[in-house]
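Novice: Here is my input, please return the structure:
(2 chains)
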Amino acid sequence: MKKLINLSLVIIGLTTTAFLGGRYIEQAQGTSGADVFHLYNWGDYIDSDLIEQFEEETGYRVVYETFDSNEAMYTKVQQGGTGYDLAIPSEYMIERMIEEDLVVELEHSRIEGLEHIDPDFLDLNFDPGNRYSIPYFWGTLGIAYNEDLLEGFEPESWEDLYRPELADSILMIDGAREVIGIGLQTLGYSLNSRDSSELQQAADQLTELSPNIKALVADEIKMYMIQEEAAIAVTYSGEAADMMWENESIVYILPEEGSNLWFDNMVIPHTVQNEEAAYAFINFMLDPEIAAQNADYIGYSTPNQTAMDYLPEETVEDEQFYPSQDMMDNLEVYEDLGLEYTGIYNDLFLEFKMIK
Amino acid sequence: MTRQRKLLSIPYYLWIVLFVVFPVLLLLVQSFRGLDGSFTLTNIQTYFTSQVYLTMTMQSFLYAFLITVLTLAISYPAAYFLTQTKHKQLWLLILILPTWMNILLKAYAFIGILSQTGFVNQLLDNIGIGAQPLLFTRLSFLIVATYIEIPFMLLPVFNAIDEIDGSMVLASRDLGANEWQTFRSVIFPMSLSGVRSGIQAVFIPSLSLFMLTRLIAGNRVITLGTAIEQNFLVTQNWGMGSTMGIILILIMFAVMYVTRKRRKGVPGR
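Specialist: Have a look, this model is predicted:
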């Protein structure tokens, strides 16, 4: 017993020393002072070399924290108690955060480099005039498949996913809007449908897709596709780019019926403590060379048209990642559905998960 | 003396009020909140009229039941034979060792074992059966959940059997009972208290194993935990999430009641 107490005391002593030492070093470097910049971003969504470069150029210390869903990010920012200076949510969440006053209006005089952004990505419905947000990346939802495993069959549409020979072979992204959206688009309806009969039809339609679903997962899809655990996945373009990098048999396509087009923009949440640093980061990211390096690393599509010149030609010309205008017209952006319909979508999604 | 005792018990009462009673009350109040924050009974009504939620509750119950039965079926004989071995404390330690590891790590390890190119499938491939889809099936979910819950069943059952006075067994043999009769009428009834705590420790957490349903079963098995997580994090319908939390608590009380220690029918002490 005495030994146990002694051992515990030693462990507590060591960790306390380490903790206090760490605090001391942090203070010496100014982590908790005015020179700290708290960035709240998706996991693995920035080239870490760029964080170092930003620190060197500006002298700020970056504290990088990550979230895995817009909703989780929203909850943390809304509840306060956090000191995030900059966050990178998606469009429908930005719309909601603007409505609820959770983001700070941008002073455009402090932003340099907005002219590099393709006008197609500015002044969109969710934030007219970009009063609150600056584009970071954009992408699509599509089908990634393994040519070798499918043996000649090449899916081209959502409809193709229903084929009986694909039983138990699709990895589906674990998101209510994505999955219900597939049902809606197979039937030719809008991704933002607020019509209960359309939604019910979509849910019925998805019942037939259920036997083909192997699993509903999120970030793990990338790993499973690379390891050839499944032949098909419904996933985001950047995730697919990573898979293709690791496994050459994987192809990414945008389905014929159309799909979801999304934007992740930089916003300054109301929790901001270091506005100066937030603007410095926005300007840093708008720099075409930086944006190109980041896009090359992450694999999502950059909204920075000047940056395209710095990217490899094969990337920029790849229609699956930088679709032609025709294909773009076919894509649809999520709107904030409001709490009631978010609930309905999620209940239908739960119901879908329970089939089998 | 009594005064001192009262003073000493204050921290414990405070603890219970702050971390048990108060959160449950909050949950209860929250469960009467609608989406707009008003006071309403709709959540309970939705729950009991929704085919989805009721089926989900049934499924959770069924899986929790299967997991409990499986863990008991494996742990009871294991615990019994453990008590007969020479270095029983050592063996017990080895069997309990996995609980020292984080559950997430164990789940990820199972992904490696069960995946298409994993250990089990390589083995199946080598003996000529060919690779089978194992990951994301109900079977793999049951296997992994059972594996994770076994120590929580093993420990109380082992302690209960170990505490049985050896002279009882000797007396039973003396009176002419054979080994099976001794086990059935002496050892088993006296170990029931351990079985009861084991069931309580396994059944209730099994009702809401949402992480395993996602990692191992790929969301093809849905339990109440999945729905609670979704209601809190995605739908932001905290009222509905709390209602389900309350229902889980009620089920927990029901399980405690059913497995409570009865005065009658337990021979021995």
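Novice: distance of the closest residue in space to B:Leu233 that isn't next to it in sequence from B:Leu97?
Specialist: Nearest residue to B:Leu233 in three dimensions, chain neighbours excluded: A:Glu71, at 5.4 Å (C-beta to C-beta, 6 or more residues apart in numbering or on different chains). C-beta: built from backbone N, CA, C; applies to glycine. A:Glu71 sits 38 Å away from B:Leu97, going by C-beta to C-beta, to the nearest Å.
Novice: Can you pick out the residue with more neighbours from those two?
Specialist: Using other C-beta atoms under 10 Å in any protein chain shown as the criterion, A:Glu71 and B:Leu97 rank with A:Glu71 on top: 18 against 10.
Novice: tell me which element that one falls in.
Specialist: Assigned by DSSP states H and E, A:Glu71 belongs to helix A:70-79.
Novice: CA-only coordinates of that helix in PDB, if you can.
Specialist: This file holds the C-alpha atoms of helix A:70-79, laid out as PDB (Å, rounded to 0.1, in the frame of the first residue of the first chain):
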ATOM      1  CA  ASN A  70     -20.500  22.100 -38.600                       C
ATOM      2  CA  GLU A  71     -22.900  21.300 -35.800                       C
ATOM      3  CA  ALA A  72     -20.200  20.600 -33.300                       C
ATOM      4  CA  MET A  73     -18.400  23.800 -34.200                       C
ATOM      5  CA  TYR A  74     -21.700  25.700 -33.900                       C
ATOM      6  CA  THR A  75     -22.400  24.400 -30.400                       C
ATOM      7  CA  LYS A  76     -18.900  25.300 -29.200                       C
ATOM      8  CA  VAL A  77     -18.900  28.800 -30.600                       C
ATOM      9  CA  GLN A  78     -22.500  29.500 -29.500                       C
ATOM     10  CA  GLN A  79     -21.900  28.300 -25.900                       C
END
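Novice: so how far is B:Thr46 from the residue nearest to B:Leu233?
Specialist: According to C-beta to C-beta, A:Glu71 and B:Thr46 sit 20 Å apart.
Novice: Residue of the stretch 101-250 of chain B nearest chain A, please.
Specialist: As assessed by C-beta to the nearest C-beta, chain A sits closest to B:Gly218 within the stretch 101-250 of chain B, at 2.3 Å.
Novice: Count residues in the vicinity of residue 103, would you?
Specialist: Unless you meant another one, I'm taking chain A. 25.
Novice: Chain B, not that one
Specialist: Applying other C-beta under 10 Å, we find 14 residues neighbouring B:Ile103.
Novice: show me the contacts for it.
Specialist: B:148, B:211 (C-beta atoms under 8 Å, 6 or more residues apart in numbering or on different chains).
Novice: ok, then the element right after the helix or strand bottoming out on mean pLDDT in chain A?
Specialist: Scoring the helices and strands of chain A by mean pLDDT, DSSP states H and E places helix A:2-29 at the bottom, with a mean of 80. Downstream of helix A:2-29, the first helix or strand assigned by DSSP H and E is strand A:36-42.
Novice: Determine the number of other residues adjacent to residue 2.
Specialist: Using chain A. By other C-beta under 10 Å, 6 other residues sit near A:Lys2.
Novice: meant chain B actually
Specialist: For B:Thr2, the neighbour count with other C-beta under 10 Å is 6.
Novice: Check B:Arg33 too.
Specialist: So B:Arg33, with other C-beta under 10 Å, has 19 neighbours.
Novice: Would you check how far apart it and chain A are?
Specialist: In this view, B:Arg33 and chain A are 12 Å apart by C-beta to the nearest C-beta, to the nearest Å.
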